[in-house]
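K.L.:
here is a sequence with its predicted model. Questions after.
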Amino acid sequence: VPFHLNPDLSDLAAEATRGLQDHFSAKSDFTAAAPGRVNLIGEHIDYCGGLVLPLAIHRYVVICATLNGSSQARIHSATTKETATIDLSSPVEVGEIPWANYLRGVLRGFQNRGHHLPGFDAFIVSSIPHGAGLSSSAALTCALATLLEGLLDTVLPTREKAKLCQQAEHDFAQVPCGIMDPFTCAYAQADHLIYIDCQTEEIERIPFGDPELTFLIANTMVRHQLSDGAYASRRREAEEGLRLLGKNQWQDVTRSEVEERWEELGDPINRRALHIVNEIFRTTLAVSAIHRNSIESLSSLMSASHHSLSDLFEVSCSELDLMVQLARNIGPAGGVLGSRMTGGGFGGSTVTLCEIDKLPDIAASLSRDYKKATGITPQLFASRPAQGAQLIR
Ligand code: ADP
Ligand code: MG
């Protein structure tokens, strides 16, 4: 079967509980789950103070835990099959196991806010594909932060929790991530998109409850090596563009200002700038299209976004372009209402808006044709907008 359903959250929780039992001979007292995400539109503009429109998906990092009476956290990840042991009796510092640094950062964030952390044993399972651009890292930090809220019997304001998670990733994993991932993970609500102004950090939840529509996520299963270097250079080019345009923020730049200064900006900064300005505008148009229930407009905005990322921002790749083209070939008659790459690019996933009753056929056809062209079996699953980080049971 080429089309995979999402594992039930309750099954993941049961798997984590069993893991805790097998690994630490402990019974789970607290379980937290935090979702991955896809971005519907507004790509590569979170770090430009732009507007983004992501949704949480029914793929989760789940962590369960119990107090162990010591001053150590012992945390095992079923994904990496490693246990990190972290001393909590003094301020937590960066350690040796790379993935555990995301956790160390969160623990330190709670300590910095004056919380004394009791020792605990924890077990982590995940249904978020790795390296697919679906934000497993923010799910990891948000899941632990939510678990700690349970262990400490406290609740952080959502914004503070998201910021704490972002800070953990910055300071402990050395990833200069934007606010989109932790904000989506913390603020998401079922049947809603999360509209984030990355300049003002305001958020708005946009209802997206049409039961006949769903999002198909197609992981190309490739990740090209240039991605880290290209991400850094796009960030630099964006900064340089804003400086040359003499503005303080991208939301104040108009399309005609970019066009008037085209030669002066020079290539590739002029094309980068045009993407940023148009993509910010497209996100506002997408929100009003959703409010008007104009799926046709949303569809053409998704196409335009993909082309811009491919031609102007140059962060797509042949596999992403192919996956989008295959979806577009199926078209509205076959239930495909829009498709584009999502996330950082150079591989990773596409997001396709689909009619739910045609989903099995769409997934089967995409899977078959992508495999025929590339020799690679893609990973496909569908999701409607999911709930954000939560304590379960
Ligand atoms: P993305 O967030 O798009 O999935 P990142 O590179 O930002 O990609 O984050 C992936 C990193 O997050 C992994 O390399 C690992 O360090 C950490 N991570 C995510 N999920 C888990 C998990 N279940 N167990 C351990 N580490 C994880
Ligand atoms: Mg990440």
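P.N.:
On my side now, so go ahead. Ligands and ions are numbered 1, 2, ... in the order given.

K.L.:
for Cys354, helix, strand, or coil?
P.N.:
For Cys354, the assignment made with DSSP: H, G, I helix; E, B strand; the rest coil gives strand.

K.L.:
right, and it touches Gly334 too?
P.N.:
No - taking contacts as C-beta atoms under 8 Å, Cys354 lies outside contact range of Gly334: 9.2 Å. Using the backbone N, CA and C atoms, a C-beta is placed for each residue, glycine as well.

K.L.:
just the buried positions in stretch 201-217, please.
P.N.:
Going by neighbour count (16 or more other C-beta atoms under 10 Å), the buried part of stretch 201-217 is 203, 206, 208, 213-217.

K.L.:
what about it, near ligand 1?
P.N.:
No - counting by C-beta under 6 Å from any ligand atom, no contacts exist between stretch 201-217 and ligand 1, the nearest distance being 12.5 Å.

K.L.:
how far away from the center of its chain is that stretch?
P.N.:
14 Å (C-alpha atoms, centre = their mean, to the nearest Å).

K.L.:
distance across that stretch, terminal residue to terminal residue?
P.N.:
Separation of the first and last residues of stretch 201-217 by C-alpha to C-alpha, to the nearest Å is 27 Å.

K.L.:
stretch 263-273 now?
P.N.:
12 Å.

K.L.:
which parts of the stretch 51-200 of the chain are strands?
P.N.:
Along the stretch 51-200 of the chain, counting by DSSP state E, counting those that start in this stretch, strands occupy 51-52, 54-67, 72-77, 82-87, 120-126, 192-197.

K.L.:
can I get the ones you listed in a markdown table with mean pLDDT and mean neighbour count?
P.N.:
Below are the strands of the stretch 51-200 of the chain laid out as a markdown table (pLDDT from 0 to 100; neighbours: other C-beta atoms under 10 Å):
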| stretch | mean pLDDT | mean neighbour count |
| --- | --- | --- |
| strand 51-52 | 98 | 25 |
| strand 54-67 | 98 | 26 |
| strand 72-77 | 98 | 22 |
| strand 82-87 | 98 | 16 |
| strand 120-126 | 98 | 25 |
| strand 192-197 | 98 | 22 |
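
K.L.:
thinking again about what came up before, determine which two of the buried residues of stretch 201-217 are furthest apart.
P.N.:
The largest distance within the buried residues of stretch 201-217, taken as C-beta to C-beta, falls between Ile203 and Leu216 and amounts to 25.2 Å.

K.L.:
in what helix or strand does Glu296 lie?
P.N.:
helix 295-311 (DSSP states H and E).

K.L.:
remind me what that helix packs against, helices and strands.
P.N.:
Packing contacts for helix 295-311, counted by 3 or more C-beta pairs under 8 Å, 6 or more residues apart in numbering; DSSP states H and E, involve helix 269-292, helix 318-330, strand 336-342, strand 347-355.

K.L.:
leaving out chain neighbours, which residue sits closest to the closest residue to ligand 1 within the stretch 151-300 of the chain?
P.N.:
Residue nearest to ligand 1 within the stretch 151-300 of the chain: Val175 (5.9 Å; C-beta to the nearest ligand atom). Closest residue in space to Val175, ignoring its immediate chain neighbours: Glu169 at 4.9 Å, by C-beta to C-beta, 6 or more residues apart in numbering.
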